[in-house]
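Enquirer: just to be clear, the model below is a prediction. Sequence and coordinates:
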Amino acid sequence: MAKYVFGIDLGTTYSCIAYVDETGRETVISNKEGDPTTPSVVEFENLSNVVVGKVAKENAFINPQNVAMLVKPLMGKSDHAGTFHGEDKSPEEVSALVLKKLALDASEKLDTEVKDVVITCPAYFGTAERTATKNAGEIAGLNVLEVISEPTAAAIFYGFAKEQEEKTVLVYDLGGGTFDVTIMAISANKIEVICSDGNHELGGKDWDETLMRYLYDEFVSQTSFDGDFDESDKQALRLKAESAKQHLTSRNETRVAVDASGLRASIVLSRETFDELTSMLLNETLEKTDVAIAVAKERGYSIDEMLLVGGSTKMKQVSESIVKKYGMEPKVLDPDEAVAKGAAIHAVNVYIHNKESIEPKPGGDPTPSPSINPDDYKEELAAAPAMIGIGGRSAAKEIVFATTKSYALEVIVEGEPKCCNMIIKNNPMPDGAVRISRTFGTASPNQESAEIVVFENDFMDEYFAVDEDYKLGDATLELPGNLPAGSPIEITFELNTDGILEIYGRDVTSGKDVRANMKVKDNPMSAEKVEELKEKSKGIVVV
């Protein structure tokens, strides 16, 4: 049986899974319902049976207390996505059920196991969010090869399957819950990320919520309703707002019927009104786009093409505003499927790279990463990178990622605490990872430990004022205790291929190395908890 690896676009509102077949073609796998994308909605019938996808979304307005949706913005930020049948569920658990649905349906369709995956996340996700994304995959029983940024995945698909010329491409990615803008240099043998920006809390859901408020106000105006909608009415209104938004992609006007408390209003909504209501949201994406273009320009790059990715780019206001502001007609690249297809291509590359890393080398034994299990890479893939592309003409490309956040260490400068950026946002990661070491001195004599306080930020300066809002976490480095002030301590920040930060400390005097287990500020999930939930997930029936 052929061995496949998979790419998964885990979205706020919709998710998608793809693979590369034996001919080298990137293919989205439709779910059991026959749809290429699956709503990221989970209905808990009980604690052992859940419904994921279209039916769960349809049931959201009749059974809202048992439906989880729009959990992606909570990833890495909260440990609570809701309480269902008396049990609290984390965003990772809910996301794992969406992933499980995608994997089960794909497995049944292809008659093969879905195990090895690359999962995408917004480019603007930091360490906590990316860790949560990887944990969700592991809870679902998947082997997460890597977590990569959504715009990068889209550009990989574009670069492998569509484009062979040397170009600088801006990827404008507006999904259901997140917005990213990423600029990349694409050539025949290389894809290089130049810079990225965005807002992982801004997406199509915000357009829906703006429209919901408008429809509610119009309903009140027509019916003189005095009160609040209950949860069922709110869910029904959300679905109608989303439907109206979709209708306006092909119409200049649509009619929305709103029902609540035995009252009904028929509201006419024009595209012009919709555009006016949401202009501030769109302008925010354009401001982020301007920032990215400015960074690229400073580095000597000018934009040759703009690429639209993400379901929310189907709104006419997006392409019209880009043409008006930048004088460039954007290309539309499979808005709902490009990210999953690019992730599938990357999964092939990662699998083969990992497989090669564990094979014996001339003159010595292989030294695989501790995170690589050799048993996972015994099989040969059905497709190789050289096969991928139109007519098999695309050879394997080198992919150079860039950091999407800056990471700083709290230090004392002239008696004052400061944050010292060790890793700078938008710096290249030639091997998919970056490792930076710097030596600092102890603050006082006979210091028994050094507190390593880490900040995740978007500043590109070497030093900035300490701000607890940017604190990622902290760790303690134990010291001999008899050192004079100023004794050297080497601190290493390593940003791995998943975009997850790892910290190492070394007391230079004693030569003692310590891998600092950072206590992350934003509700980390322990490895033990992940394993516990993984076992628990095996007993949950997903349909």
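Expert: Structure's in. What do you need?
Enquirer: confirm that Glu92 sits in a helix.
Expert: Yes - according to DSSP: H, G, I helix; E, B strand; the rest coil, Glu92 belongs to a helix.
Enquirer: hmm, it is touching Ser526, no?
Expert: No - in this structure Glu92 lies outside contact range of Ser526 using C-beta atoms under 8 Å: 11.7 Å. C-beta coordinates here come from the backbone N, C-alpha and C atoms, glycine included.
Enquirer: neighbour-wise, which of the two wins?
Expert: More crowded of Glu92 and Ser526, by other C-beta atoms under 10 Å: Glu92, with 27 against 9.
Enquirer: what pLDDT does that one get?
Expert: pLDDT, Glu92: 96.
Enquirer: which one is it nearest to, not counting chain neighbours?
Expert: Leaving aside its chain neighbours, Glu92 sits nearest to Ala136 (4.5 Å; criterion: C-beta to C-beta, 6 or more residues apart in numbering).
Enquirer: average model confidence for the helix or strand that contains that neighbour?
Expert: Assigned by DSSP states H and E, Ala136 belongs to helix 127-139. Helix 127-139 carries an average pLDDT of 92.
Enquirer: what's the neighbour count on the residue nearest to Glu92?
Expert: Using other C-beta under 10 Å, Ala136 has 31 other residues around it.
Enquirer: kindly report the same for Gly177.
Expert: 23.
Enquirer: so which residue is smack in the middle of this protein?
Expert: Central residue of the chain (C-alpha atoms, centre = their mean): Cys121, 1.1 Å from the mean position.
Enquirer: on that earlier part again, next, the angle helix 127-139 makes with the next helix or strand after the helix holding Ala136.
Expert: Counting by DSSP H and E, the element after helix 127-139 in chain order, helix or strand, is strand 143-149. Relative orientation of strand 143-149 with respect to helix 127-139: 150 degrees, computed using axes from the mean of the first three to the mean of the last three C-alpha atoms, to 10 degrees.
Enquirer: tell me the strands beside strand 143-149, with direction?
Expert: When sheet partners are counted by DSSP bridges, strand 143-149 sits next to strand 116-121 (parallel).
Enquirer: what helix or strand is Leu281 on?
Expert: Here Leu281, judged by DSSP H and E, is contained in helix 279-298.
Enquirer: other SSEs contacting that helix?
Expert: Counting contacts by 3 or more C-beta pairs under 8 Å, 6 or more residues apart in numbering; DSSP states H and E, helix 279-298 is packed against strand 167-174, strand 179-186, strand 190-199, helix 204-223, helix 316-326.
Enquirer: buried stuff in the longest one?
Expert: Under the neighbour-count criterion of 16 or more other C-beta atoms under 10 Å, helix 204-223 has 204-208, 210-212, 214-216, 218-220, 223 buried.
Enquirer: just for this structure, where's the confidence low?
Expert: 1-2, 160-164, 359-371, 384-397, 514-524 (pLDDT under 70).
Enquirer: report the residue ranges of every domain in it.
Expert: 6-163+335-400, 204-277, 403-527 (automatic domain parsing).
Enquirer: so which of these is nearest Lys190?
Expert: Proximity to Lys190, assessed across those by C-beta to C-beta, is greatest for domain 6-163+335-400 (4.6 Å).
Enquirer: I'd guessed Asp116 sits against Asn354; true?
Expert: No - the pair Asp116 and Asn354 does not pass the contact test of C-beta under 8 Å, sitting 9.3 Å apart.
Enquirer: which residues do those two both contact?
Expert: 145, 376 (C-beta atoms under 8 Å, 6 or more residues apart in numbering).
Enquirer: nearest to Ser537, out of the domains of the chain?
Expert: Going by C-beta to C-beta, the one of the domains of the chain nearest Ser537 is domain 6-163+335-400, 5.4 Å.
Enquirer: and the closest one, how far out from the chain's middle?
Expert: Mean-position distance between domain 6-163+335-400 and its chain equals 10 Å (C-alpha atoms, centre = their mean, to the nearest Å).
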